[in-house]
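**Student:** Take this sequence and fold it.
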Amino acid sequence: MKILVCKGDGIGPEIVAAAEAVVKAASRRFNLGLEIDYAEIGLESLKSQGTTFPDATIQRMKESDGIILGPLHTAIYPPPEKGGPNASGGTRKALDLYANVRPSRVRPGCPAHVKKMDVVIVRENTEGFYADRNMFAGRGEFMPTPDVAISMRKVTREGCMRIAESACELAKQRSGKLTMVHKGNVMKMTDGLFADCVNEVASRYKLEVDEYFIDAMTALIVRKPEFFDVIVTTNMYGDILSDLAAELSGGLGLGPSINAGADHCVAQAAHGSAPDIAGRNIANPTAMILSCGMLLDWLGRRHKRPELQEAAKRIDEVIESQLADKNGRTPDLGGKLGTGAFGEAVAKRLAG
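**Tutor:** Model (predicted):
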């Protein structure tokens, strides 16, 4: 099974190296037979190949079983026509990664803003208000005059149905409860279509379904986070809501994520590239490590290989033990371990 590693920008090479050490330890411990290879992306490929998202990297991604992608500093990329396309959004579009899955859980010993939280936000990932990926050609925003800017929102039945299927399948495996988030009182057609599709799919799964408008939901997830389990929503709402949930549960440094489609899955931590601390060996690789665990779980389910799922479960358990030890954390969580040492410690626990 081939895993392609793209290190990314900023702290990417550091946290990806730590996660890679854990993945290799898992492969040995559970006899997974993982083959790891590398491809350039982001600022690295811009320097060597003149583009942040080389065609060769896209092809390598398509040929791989899974991808580990470090954070990308897209804000400083040159315009696409000068070699700086958004490689993160481009990956999701090129591989049709329609489901962004982001768990947020309070972990023992880690500082959090709420006492209890264990939610998974399932976010549609390919359309909505994201102008760089919601059109076949061109972008979903334009300026007809210098003083007018217009943004187009695309919501399709296919997009809604397949993200609803992903969320309902996950809810069935967990508590059987699904929360739908939209703004159907204002976006009557687009969010109305989304709500209709989610209700249609959920009826086949016989789930307990509730729904909230996005503005109310931002308040409720702060007030009573323990009430929610699996949350399904559209692209922009999900991006904002999942950042809020991650911060409530302990911070983006603990926030894992996968971007998954029918045929491909990318492990990509929810946070950014943090260029201000790059190269200092203080970044927290927890989110990247947990994202890799989620990738292994996805691969296990898709290929019916329970040993991959067992490895994913064990990675989560080892992270829990590592973070519960006050001396086993990175500086952002009050510890003293560097990025590399944290990865090595987790890999050692995993191997034992």
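
**Student:** Tell me who's in contact with the spatially most central residue of the chain.
**Tutor:** With distances taken as C-alpha atoms, centre = their mean, the chain has residue 257 as the residue nearest its mean C-alpha position (2.5 Å). Applying C-beta atoms under 8 Å, 6 or more residues apart in numbering to residue 257 gives the contacts 100-102, 242, 267-270, 287, 291, 294. In short, each C-beta sits where N, CA and C put it, glycine included.

**Student:** Tell me the pLDDT of residue 276.
**Tutor:** Listed pLDDT for residue 276 reads 95.

**Student:** Now do the contacts for it.
**Tutor:** Under the criterion of C-beta under 8 Å, 6+ apart, residue 276 has no neighbours.

**Student:** start at 32 instead
**Tutor:** Okay, residue one is now 32; in that scheme the one you just asked about reads as residue 307.

**Student:** Which phi and psi values does it adopt?
**Tutor:** The phi and psi torsions at residue 307 (degrees, to the nearest 10) take the values phi -70, psi -20.

**Student:** Residue 250 sits in which helix or strand?
**Tutor:** Element membership for residue 250, per DSSP states H and E: helix 245-254.

**Student:** ok, for residue 45, nearest residue in space, not its chain neighbours?
**Tutor:** Of all residues beyond its chain neighbours, the one nearest residue 45 is residue 370 (4.7 Å), with distances taken as C-beta to C-beta, 6 or more residues apart in numbering.

**Student:** quick one: residue 166 and residue 150, what's the gap?
**Tutor:** 31 Å (C-beta to C-beta, to the nearest Å).

**Student:** One more: residue 319?
**Tutor:** In this structure, residue 319 and residue 150 are separated by 20 Å, where distance is defined by C-beta to C-beta.

**Student:** Give me the more crowded residue out of the two.
**Tutor:** Neighbour count, other C-beta atoms under 10 Å: between residue 319 and residue 150, residue 319 has more, with 35 against 23.

**Student:** after the helix or strand where that one lies comes which helix or strand?
**Tutor:** Residue 319 belongs to helix 317-334 when elements are defined using DSSP H and E. The element immediately downstream of helix 317-334 (helix or strand, assigned by DSSP H and E) is helix 337-355.

**Student:** Need the residues that contact that next one.
**Tutor:** Outside helix 337-355, the residues within contact range by C-beta under 8 Å, 6+ apart are 53, 57-58, 60-63, 138-141, 285, 317, 320-321, 323-325, 327-328, 330-332, 359-360, 364, 373, 376-377, 380-381.

**Student:** Show me what counts as buried in it.
**Tutor:** Residues 339-343, 345-347, 349-350, 353-354 are the ones in helix 337-355 that count as buried (16 or more other C-beta atoms under 10 Å).

**Student:** between it and helix 317-334, how big is the angle?
**Tutor:** Interaxial angle of helix 337-355 relative to helix 317-334 (axes from the mean of the first three to the mean of the last three C-alpha atoms, to 10 degrees): 160 degrees.

**Student:** Report the mean per-residue pLDDT for helix 337-355.
**Tutor:** The predicted confidence, averaged over helix 337-355, sits at 96.

**Student:** tell me the angle of the helix or strand following it relative to helix 337-355?
**Tutor:** From helix 337-355 onward toward the C-terminus, using DSSP H and E, the following helix or strand is helix 370-382. In terms of direction (the same axes, to 10 degrees), helix 370-382 departs from helix 337-355 by 130 degrees.

**Student:** Using neighbour counts, pick out the buried residues of helix 370-382.
**Tutor:** Going by neighbour count (16+ other C-beta under 10 Å), the buried part of helix 370-382 is 370-371, 373-378, 380-381.

**Student:** which among the contacts of residue 288 end up buried?
**Tutor:** Once neighbours are counted (16+ other C-beta under 10 Å), the buried part of these comes down to 131-133, 273, 298-301, 318, 322, 325.

**Student:** Could you identify the pair within those residues that is furthest apart?
**Tutor:** Comparing all pairs in the buried ones among the contacts of residue 288 by C-beta to C-beta, the longest separation belongs to 273 and 298, at 15.6 Å.

**Student:** Residue 230 - how many residues pack around it?
**Tutor:** The local packing count at residue 230 equals 13, with neighbours defined by other C-beta under 10 Å.
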